[in-house]
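> need the 3D shape of this:
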Amino acid sequence: MNARQVVRGTALAGALLVAGAVLTAVPANAANGHVGVRETVCAVDLELRVKPGGARMGTLHKPQTFLVKEISGEWVFGFAYGDINHDGWVQDGWFC
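Got it, this is the predicted structure:
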C-alpha cells in the first residue's frame, strides 16, 4: 500500500464514521409512536409530510404533539397539533 492509498483509506474511514454518527443521531430518550396516543415530539424539528418521504407540509417543534392514527414501517400518520393542525405523515421514533 502506498502513501496515496493510505490517505484515501483514512479519508474514507473518517467519512464513514461521520456518516454513521449522523444516521444515529437520535435523542437518547426518543421513542416510537403508539396508535391512539397523542405523543409529544422529542425532536427539535420534525417534518410533517403529505405521504411517507413526500413533500413537506410543515414542521413540528419540540414539545408540540402528534396524535398517532396509523403506523406504516418507519412512518406514522396522524394529526399534528400546534402550528400546523393538520393530518400528515412523520418519521417514527422521534417522540418522548
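
> neighbouring contacts of stretch 38-46?
Contacts to stretch 38-46, defined as CB atoms under 8 Å, 6 or more residues apart in numbering, come from residues 27, 29-31, 33, 59-68, 81, 90-91, 94-96. Any C-beta I mention is one placed from the backbone N, CA and C, and that applies to glycine too.

> point out where this structure drops to low pLDDT.
1-29 (pLDDT under 70).

> and the strands in the chain?
Using DSSP state E, the strands of the chain run over 38-40, 45-49, 56-61, 65-72, 75-80, 86-91.

> looking at the ones you listed, which is buried most?
Among the strands of the chain, ranked by average contacts under mean count of other CB atoms under 10 Å, first place goes to strand 75-80 (a mean of 21).

> what packs against that one?
strand 65-72, strand 86-91 (3 or more CB pairs under 8 Å, 6 or more residues apart in numbering; DSSP states H and E).

> adjacent strands (with direction) for that strand?
strand 65-72 (antiparallel), strand 86-91 (antiparallel) (DSSP bridges).

> mind putting those into JSON lines with distance to P52?
As requested, the strands paired with strand 75-80 are exported to JSON lines (distance: least, CB to CB, whole Å):
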{"stretch": "strand 65-72", "distance to P52": "7"}
{"stretch": "strand 86-91", "distance to P52": "5"}
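
> for A55, find the nearest of these.
Among the strands paired with strand 75-80, the nearest to A55 by CB to CB is strand 86-91 (10.0 Å).
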